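Novice: Next comes the sequence, and after it the predicted model I'd like to discuss.
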Amino acid sequence: MDGAAASRRTSLALVALKGLLFLIFVALAVVLIAVQQRAMGGYGSEISADNADEASHFISGLMLADYVRAGFPNPMAFAVNYYLHLPKLAIGHWPPLYYMLEGALFLALPPTTPVALLLPAVLAALLVVTTGWVTARVLGPLQGLAAGAVLLSVPPLREATLVIQLDLPVALLGLLAACAYARFLRTLRAGPAVAFGLLASAAILTKGTGMALALLPPLCLLFGGRFELLRRWTFWLPLPIVALLAGPWTLLTYARAAAGFQYGWGSAFTLLAARTYADGLVAAVGAPVLSLAALGLVFAVVRGWRRSAGAEIWMALAALAVGTLAFQCLVPAGIDPRYLLPLVAPLVMLVAFGATALIGLVTQGWPTLSGLAVALVLLFGALPGLMVRVEKKPIGMDAAAQALLAREAANPLVLVGSDAMGEGALVSAVAQHDRARRTVVLRGTKMLAKTGWNATDYQPLYADPTALLAGLDQMGVGFVAVDTTPAAQALLHDRQLLAAAEAHPDRFHLVATYPRADGAGEVRLYALAGNEAKVPDMAALSARLIGDKAF
């Protein structure tokens, strides 16, 4: 009995030691990523400076934190009022899980840009360390260290740590789900099947692209010839779990999410996406690296059909990679390199597997030499990606927001004339600096024009700058921030706004100008004379925004 107890204590101590080591690696990776974030300009640039969706993800998490601080008032009334002040909410268009994590973070720490980027840093660190850890366990420590280092350096992951986006958590959850399913294939027990169902549900409740994990089980059957699993009840166990946890939200919000699709269903989109992503992958990692990944996929299938020991993890990773690519080529939400971020970790691992298996064909033994050779292949293959410059530059909206708030004007209503990224940048900057939520931000794309999802059906609301100025007076606008960049001035209402400011210097009093770091233009902040003491009519603004289905 004492021997059995000692054995259990030893086993628990070993598990605890491994867990502590894993956490140490994660902490080190977080530090490295934070240094990268600062060096790439993430801490000094506005949220949404180069991605229009980023502000929505930031404001949604901040709203949940403020909702808790407010003592859980009526949720719809709170959300409507919040949207009127900070019109960049995304809950409903995107699922709520990431925002819940973000909200918890903002309850503990102030909602600054470095704090907001802490969550992507932690998620990226977990993805990098998990990739290296799993690779080290199945191939060897040298391959694992190289796989983690390569993943840390590739441009898609570096870019993902600079922005608040949902593809990074989906990538982490997808990798964990693939590992859980590999364990199910090995043991056929209910526990790993339940774990896969829970992780898949979490991925779907983070972003709809998590539904790509629905392709993982059938692809694993195909890649391993394991069709007899269809007769096991444990194979079907994840289905009711996902249906129960993620099904209701997905069904209730599908129409809103589908309204944001940039393409229509059909073969035309599939062919376009396949060509675009294929070209992008070749450009990002190079044909030799992709060839090794394809070779790793072939070895995974061969070993799966042969029922070789340890083939399950490679079958699952191959299924994750193929399923992710297939999903993005079938579902016409859009075409964007960041959508393939969940593909990157399994791709790197398949490269390591393909190189190791290839070397194993010509030599037996010498694991250290084999590990060194594979590590060199991985590291040299990552060099082109390291040469890609990744950075994020300030665009002037944060400085404009701080200048606006410093005036402590009686009328807190500010209208921003810019593109979607500039609008989001000002909204996010105001959200960070105005903790009292006194300032009301109006987006020009909503108040000066009618614009559908993805800037479709654009139609300005005013015939000329004079009519636009009258509209500003009717809304009671106290300040105007105008973006002079070509992207913003491509919108007619922004040109009208700038023309009105230049034609009526008696009304538009220039506070200051704030140039962009890239030299493409500047932000001009004006105080609108005559409206200094006006009190915003929140009921009228609510009717105009919410009634126009902008919320």
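Specialist: Right, received. Where do you want to start?

Novice: ok now the helix or strand harbouring A6, how far from the chain's centre?
Specialist: Secondary structure assignment for A6, by DSSP states H and E: helix 2-39. What separates the centre of helix 2-39 from the centre of its chain is 27 Å, taken as CA atoms, centre = their mean, to the nearest Å.

Novice: Quick check: buried residues in that helix?
Specialist: Within helix 2-39, the residues that count as buried by 16 or more other CB atoms under 10 Å are F25, V26, A29, V30, L32, I33, A34, Q36, Q37. Glycine gets a C-beta too; all of them are placed from N, C-alpha and C.

Novice: what's the domain layout of the protein?
Specialist: By the assignment in automatic domain parsing, the chain contains the domains 2-39+119-386, 397-547.

Novice: Which one, of the ones you listed, ends up nearest to Y82?
Specialist: With CB to CB as the criterion, Y82 lies closest to domain 397-547 of these, at 7.6 Å.

Novice: Reformat the buried residues of helix 2-39 as a markdown table; add pLDDT and distance to L510.
Specialist: Output for the buried residues of helix 2-39, formatted as a markdown table (pLDDT from 0 to 100; distance: CB to CB, whole Å):
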| residue | pLDDT | distance to L510 |
| --- | --- | --- |
| F25 | 95 | 52 |
| V26 | 96 | 49 |
| A29 | 96 | 46 |
| V30 | 97 | 43 |
| L32 | 95 | 44 |
| I33 | 96 | 40 |
| A34 | 96 | 38 |
| Q36 | 94 | 38 |
| Q37 | 95 | 34 |
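
Novice: residue contacts, A501?
Specialist: Shown in contact with A501 (CB atoms under 8 Å, 6 or more residues apart in numbering): V480, V482, F508, R524, Y526.

Novice: And the strands in this structure, which stretches?
Specialist: Here the chain has its strands, by DSSP state E, at 413-417, 440-443, 449-450, 459-460, 479-483, 508-515, 522-528.

Novice: Ok, which of those comes nearest I164?
Specialist: In terms of CB to CB, the element of these nearest to I164 is strand 440-443, at 18.2 Å.

Novice: quick one on the thing from earlier: can you list the domains of the chain in CSV and add distance to P96?
Specialist: Putting these into CSV (distance: least, CB to CB, whole Å) gives the following:
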stretch, distance to P96
domain 2-39+119-386, 7
domain 397-547, 18
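
Novice: mind checking which of the ones you listed is nearest P87?
Specialist: domain 397-547 (5.4 Å).

Novice: before we move on, back to that, farthest pair within the buried residues of helix 2-39?
Specialist: F25 and Q37 (18.5 Å).

Novice: Okay, now the unreliable bits of this protein?
Specialist: By pLDDT under 70, the weakly predicted segments of the chain are 1-3, 365, 453-456, 547-551.

Novice: State the distance from the residue positioned nearest the centre of it to L123.
Specialist: Residue closest to the average C-alpha location in the chain (CA atoms, centre = their mean): Q165, at 2.0 Å. Distance of Q165 to L123, given as CB to CB, to the nearest Å: 10 Å.

Novice: how about stretch 93-107: buried residues?
Specialist: Residues 93-103, 105-106 are the ones in stretch 93-107 that count as buried (16+ other CB under 10 Å).

Novice: Give me the contacts around it.
Specialist: Residues from elsewhere that reach stretch 93-107 (CB under 8 Å, 6+ apart): 56-58, 60-65, 67-69, 90-91, 115-116, 118-119, 164, 166, 169, 202, 204-208, 246, 249-250, 253, 256-257, 260.

Novice: got the contact list for K393?
Specialist: Residues in contact with K393 (CB under 8 Å, 6+ apart) are G41, S45, A49, R516, A517, D518.

Novice: Out of these, who's the most crowded?
Specialist: A49 (28 neighbours; other CB atoms under 10 Å).

Novice: Need the nearest residue in space to that one, chain neighbours excluded.
Specialist: Spatially, and ignoring its direct neighbours in sequence, A49 is nearest to I395 (5.0 Å; CB to CB, 6 or more residues apart in numbering).

Novice: can you pull the contacts of the one you found?
Specialist: Counting by CB under 8 Å, 6+ apart, I395 has contacts S45, E46, A49, M421, G422, A425, R516, A517, D518, V523.

Novice: wait, which of these is closest to A79?
Specialist: Closest to A79 out of the contacts of I395 is A425 (22.0 Å), distances taken as CB to CB.

Novice: Report the contact partners of that closest one.
Specialist: Applying CB under 8 Å, 6+ apart as the definition, the contact partners of A425 turn out to be E46, I47, S48, A49, A55, I395, M397, D398, S418.

Novice: 6 Å instead, please
Specialist: By CB atoms under 6 Å, 6 or more residues apart in numbering, the contact set of A425 is E46, S48, A49, I395, M397.

Novice: just checking, which of the residues you listed belong to helices?
Specialist: With DSSP state H as the criterion, helices contain M397 from among the contacts of A425.

Novice: between the contacts of A425, which is closest to T445?
Specialist: Within the contacts of A425, proximity to T445 (CB to CB) peaks at S48, which comes in at 13.4 Å.

Novice: Now render the buried residues of helix 2-39 as CSV, adding distance to E312.
Specialist: Formatted as CSV, the entries for these read as follows, by distance: CB to CB, whole Å:
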residue, distance to E312
F25, 24
V26, 25
A29, 26
V30, 30
L32, 31
I33, 30
A34, 35
Q36, 34
Q37, 36
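
Novice: what number of residues lie near the closest residue to W314 other than its chain neighbours?
Specialist: In space, not counting the residues next to it along the chain, W314 is nearest to A300; the distance is 3.6 Å by CB to CB, 6+ apart. Other residues near A300 come to 27 when the count uses other CB under 10 Å.

Novice: hang on, A300 packs against A318?
Specialist: Yes: with contact defined as CB atoms under 6 Å, A300 and A318 form a contacting pair (4.3 Å).

Novice: and stretch 518-532, how far out from the chain's middle?
Specialist: With CA atoms, centre = their mean as the basis, the mean position of stretch 518-532 lies at 31 Å from the chain mean.

Novice: One more: stretch 500-507?
Specialist: When C-alpha coordinates are averaged (CA atoms, centre = their mean), stretch 500-507 and its chain have centres 40 Å apart.

Novice: now stretch 335-353
Specialist: That offset, for stretch 335-353, works out to 15 Å (CA atoms, centre = their mean).

Novice: Name the residues of that stretch that come out as buried.
Specialist: 335, 337-353.

Novice: One more: stretch 479-490?
Specialist: Going by neighbour count (16+ other CB under 10 Å), the buried part of stretch 479-490 is F479, V480, A481, V482, D483, T484, T485, A488, Q489.

Novice: possible to save those as TSV with distance to N531?
Specialist: Formatted as TSV, the buried residues of stretch 479-490 follow (distance: CB to CB, whole Å):
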residue	distance to N531
F479	9
V480	10
A481	15
V482	16
D483	21
T484	22
T485	26
A488	23
Q489	24
